[in-house]
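1. Mind folding the following:
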Amino acid sequence: TDFNYGADEYDAEGNEEPKALPEGSETMPYIDESPTMSPQLSARGQESGDGVSPTPTDGLGTGGERDAGKGLEMRKLVLSGFLASEEIYINQLEALLLPMKPLKATATTSQPVLTLQQIETIFYKIQDIYEIHKEFYDSLCPKVQQWDSNITMGHLFQKLASQLGVYKAFVDNYKIALETAEKCSQSNYQFQKISEVSLGKVLRPWWWVAADTSSLPAALLYKPIDRVTRSTLVLHDLLKHTPADHPDYPLLQDALRISQNFLSSINEDIDPRRTAVTTPKGETRQLVKDGFLVELSEGSRKLRHVFLFTDVLLCAKLKKAAVGKQQQYDCKWYVPLADLVFPSPEESEHCPQVHVIPDHELEDMKMKISAIKSEVQKEKANKGQSRAIERLKKKMFENEFWLLLNSPAIPFRIHNRNGKSYLFLLSSDYERSEWREAIQKLQKKDLQAFVLSSVELQVLTGSCFKLRTVHNIPVTSNKDDDESPGLYGFLHVIVHSAKGFKQSANLYCTLEVDSFGYFVSKAKTRVFRDTTEPQWNEEFEIELEGSQSLRILCYEKCYDKTKLNKDNNEIVDKIMGKGQIQLDPQAVQTKNWHMDVIEMNGIKVEFSMKFTSRDMSLKRTPSKKQTGVFGVKISVVTKRERSKVPYIVRQCIEEVEKRGIEEVGIYRISGVATDIQALKAVFDANNKDILVMLSDMDINAIAGTLKLYFRELPEPLLTDRLYPAFMEGIALSDPAAKENCMMHLLRSLPDPNLITFLFLLEHLKRVAEKEPINKMSLHNLATVFGPTLLRPSEGESKGHLTLASDIWSHDVMAQVQVLLYYLQHPPISFTELKRNTLYFSTDV
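-> Presented below is the predicted three-dimensional model:
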C-alpha cells in the first residue's frame, strides 16, 4: 500500500478545509512548506513489492492514542507508510536511470539518439539522488521491520536532510533539464518511444501525470522535488508523535528545519507550471507571488489575500463556505500590470485619515496574547481539558488577528492609470520592497492592457484557492505544537561594514525581526556619508519576542526635502539592498559572537550576533570595584557623592531633556552598544571629560546608559524586600485601598531610592507630554522602565521566574502596571509623603 501524504488547508478564518486532489491536469503540484500538513492515509491499489506495509491498529485516532503505546504505534504507522512510498520512489528513480545506459552507448555512435551533453543535462544528479535514498531506505527498513520502543532513527532523517545540497543542484538544473527533455521528446521519435516504454508503466498510476505522453520524462523529472515535500510532511508527523524527551526529537526537529528552509529557498524557482492557470482564451497566466496584506478600504482596515500574476494584480477576500463545499475567493478588485503605476511621493495624494491605534493599546494586546500563551502552556503541562485549551487558542487567534490588522503603518500605494488608487498598510519596509520589485520586474516585459470578462475573472479568482502558496494568516496561533516557538530574549548585533557599492553615497542600515507573526523595524545605524565602503561597527541590543528571522536593509539617505512622502511625512530613502537570515537557536545561543555576511543585490554586509536569554540579560551583577557607580548600591553612590540623586542619573536626564525629549522612540530605540559601554566606563572612572562626551554622544546612547545603570543595580530601585508587596498592592481592586498601599510602599523605600525614583518619575512624565512628537506614551515608558526598576535580583527572583519563552509573564505585566500607576498619579512630593502618616499595616 502506498500512503500518500496530502495537506489540510485552512482559510483566513482558521477553519479547516481539506485540500481536493487536482484532476489529471496540466499543472504540476506545487511545493508546499505549510506547517499545517498532516497525513491523509488513503490506500491505493499499487503493489509495493517486499516493502513494509503498515497495519492499522484498532483504536487509533481515539482517546487511546493519548498513551505512550499508541504514540509509538503512530510513529510506526507513519514510518511504514513513508517507507512503502520510499520504495516506489527508488523504483521510479531506477526507471529514470534505466534508459541512460543505452542512450550513453548510442551517443558515441554515428547515429546517436541524444548527445552526451543532452544526456548529462536531462539526468543531472539523478544517480546521486538514487544512491542517497537507497542508503536511507536500506538503513530504515530493518528498524521498522524489527520495531520496538527503543528504536531510534532521527539520525537517518537528519543525514537525509543534510544531503539536500544535491537536490539544490538538481533544482538549479531542473528548468533546462525539463526544456531539453520536452524538446527531445518532440523532435526525436526514438527518445519519445523510450520514454513511453521505460517510463510510462511507472508514471501512469500517478494522478498528477498529464495525458500527453510527450510529457512523461518531464513528469518523472519532477519526482525528486515532490519527494522533498513528502519527506518534510513525514518529519512533521513524526514530531507530533515523538515525546519531547525522546532522543530522536531534537534530530527530527533539526531535519525538519533544514528541509523547510530548503523548500522556502527553492519555492519560487521550480516548475512554473505549478502556479499556472489557463484562461478561456487559452493563455497561460502564472502566479508569481501571493500573501496577506492589510488594505485601507472605505476608512477601515481589511485583511486581503493579494495575488500577483504575470500580467495582473488581484486583491481578494476568502469567502465563508458551506460545510463540505470547497472555499472560494471573492475578487475585490484587480489592476492589469500594464495599467499599474507607483505614484512618486510628490505625485501621491494625501493619505486618507487612518485611525491609528495608540502604541500602548498595541503593547496591551501583546501582553494579553503572551498571558494566554502562558495559560495554554500551563493547561498542557497540567494535562488540562482539550476544550479549555481550544477556547484559549481561539481567544489568542482573535487577539493576534486584531494585532495583525492594526499594527501596520507603512503605506504602499497602488495606482491604476484609469484613475483609481488603492492603499495597503505594511509593517515592514522589506515586505513593501519585495512587492514593488516583483511587480516592476514583470512590468519590464511587453504587457498589454486588458479588461477581464466576468467569465475570465471567475476562472482567475477560482484558481486562487488551488494556486495560493501562503495558506495561513501569519499569526503564531496557527503554528503547530512541534514548531519552533522562536527566540525570546535579546539579540546583540554588530553591523560592521558593507562593500560592493558602485559609487559613493550616504549609507545606513536598518534591522528588522519578526514579532508576533509579522516583521518590525528594531534598529538603525548612523548614516555613513559619501563612501562606497561604509564602516559602521555599531552594536545593537534587539528584544526578541518569538523571533525566527533577522532582516538587514541597506539604504541611501535622501536629503532632498521635495521628495517627501505625504502618507507619513517622512523622506523616502532608496533601498540599495536587502537580505534575510534564519535565527538558528543552536547557532546563536552561545557566549561567543557569530560572524556572518548577507549578500544583497551585489552588496555584502558584514555583521556579528549573539543571543542572550531574557533572564540572563536582566541579571543584576554587583560591580567588583567599589569605586565605580554601575552595579553599586544606590545608597553607597549617593553617600560617596554627597548627593540625593546619583550624578549619572542627573546628567543623563538633563541631557535627554535638553536635546532628546522630542526624539522619536526615546528610551525605546536601541542606542549603539559600544557608545553605551564607553559612557559606562567614563562614569565609572569619574572622568573629568564626562560633560564634553555627553554633549557629543548620540542621544539614544545616553538614554541607553541610564537604562543600563538601573538594570545593573545589585537590587532593583524599588528593592527586593518590597517586591512581593508591590505585586500584591497593584492587584487590589478597591481604589482607596490601592492608593493607601502604593503610597505606603513608597514611604517604606530607603530615602536615596525614593528620591531617585521620584526624580525619574517626573522626568518620564515630561517625556510623555511630548508624545505627539516622540511617540512615547506613559504606557510605552512604563513598558520600558517597569521591569528594569522592579525585577528582583537573581537570588530573590527564583520563585518568580516563569517559562523562558513567556516574555510577557504575569510578573512582567504587573511590573509595568506598578510603574504606570505612579506615572498616572498626580505629582508625588517626597516631603508630603514623609509628613503624612496613614494607619496602614506594613503587611499587604
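
2. And the strands in the stretch 301-450 of the chain?
-> In the stretch 301-450 of the chain, the segments counted as strands under DSSP state E, counting those that start in this stretch are 312-318, 329-336, 340-341, 410-416, 421-426.

3. mind checking how far D311 is from D596?
-> Taking Cβ to Cβ, to the nearest Å as the measure, D311 falls 38 Å from D596. The way it works is simple: take the backbone N, C-alpha and C, and place the C-beta from them, glycine included.

4. So those two - more neighbours on which side?
-> D311 (19 against 16; other Cβ atoms under 10 Å).

5. could you measure K366 against G517, distance?
-> Distance, K366 to G517, by Cβ to Cβ: 11 Å.

6. Same question for L340.
-> Distance of L340 to G517, given as Cβ to Cβ: 28 Å.

7. and of the strands of the stretch 301-450 of the chain, who's closest to R285?
-> Of all these, it is strand 312-318 that lies closest to R285, at 7.3 Å by Cβ to Cβ.

8. buried residues in that closest one?
-> For strand 312-318, burial by neighbour count (16 or more other Cβ atoms under 10 Å) applies to 312-316, 318.

9. go on, stretch 744-759?
-> For stretch 744-759, burial by neighbour count (16+ other Cβ under 10 Å) applies to 744-746, 749, 752-759.

10. Pick the one among those residues closest to L97.
-> Nearest to L97 among those: F757, at 76.2 Å, using Cβ to Cβ.

11. In three-state terms, how would the closest one be classified?
-> Using DSSP: H, G, I helix; E, B strand; the rest coil, the structure places F757 in helix.

12. Could you pull up the residues touching it?
-> Neighbouring residues of F757 by Cβ atoms under 8 Å, 6 or more residues apart in numbering: 717-718, 746, 749, 789.

13. check contacts around the closest residue to P343 other than its chain neighbours.
-> Spatial nearest neighbour of P343, chain neighbours left out: H415 (5.1 Å); criterion: Cβ to Cβ, 6 or more residues apart in numbering. Contact partners of H415, counting by Cβ under 8 Å, 6+ apart, are 340-343, 421-422.

14. Doesn't V495 belong to a helix?
-> No: assessed by three-state DSSP, V495 does not belong to a helix; its assignment is strand.

15. which one of the strands of the stretch 301-450 of the chain lies closest to S463?
-> Nearest to S463 among these is strand 329-336; the distance by Cβ to Cβ comes to 9.1 Å.

16. Run the chain-centre distance for the closest one.
-> From the chain centre to the centre of strand 329-336 is a distance of 28 Å (Cα atoms, centre = their mean, to the nearest Å).

17. What angle do strand 312-318 and it make with each other?
-> Per axes from the mean of the first three to the mean of the last three Cα atoms, to 10 degrees, the angle that strand 329-336 makes with strand 312-318 is 160 degrees.

18. Sort out which residues of strand 329-336 are buried, please.
-> Neighbour counts over strand 329-336 (16+ other Cβ under 10 Å) mark 329, 331-332, 334-336 as buried.

19. what's next to it, contact-wise?
-> Applying Cβ under 8 Å, 6+ apart, the external contacts of strand 329-336 come out as 295, 297, 304-305, 311-319, 414, 416, 420, 422, 447, 449-450, 452, 457, 460-462, 464-465.

20. Give me the phi and psi for V451.
-> Reported as degrees, to the nearest 10, the phi and psi values for V451 are phi -130, psi 130.
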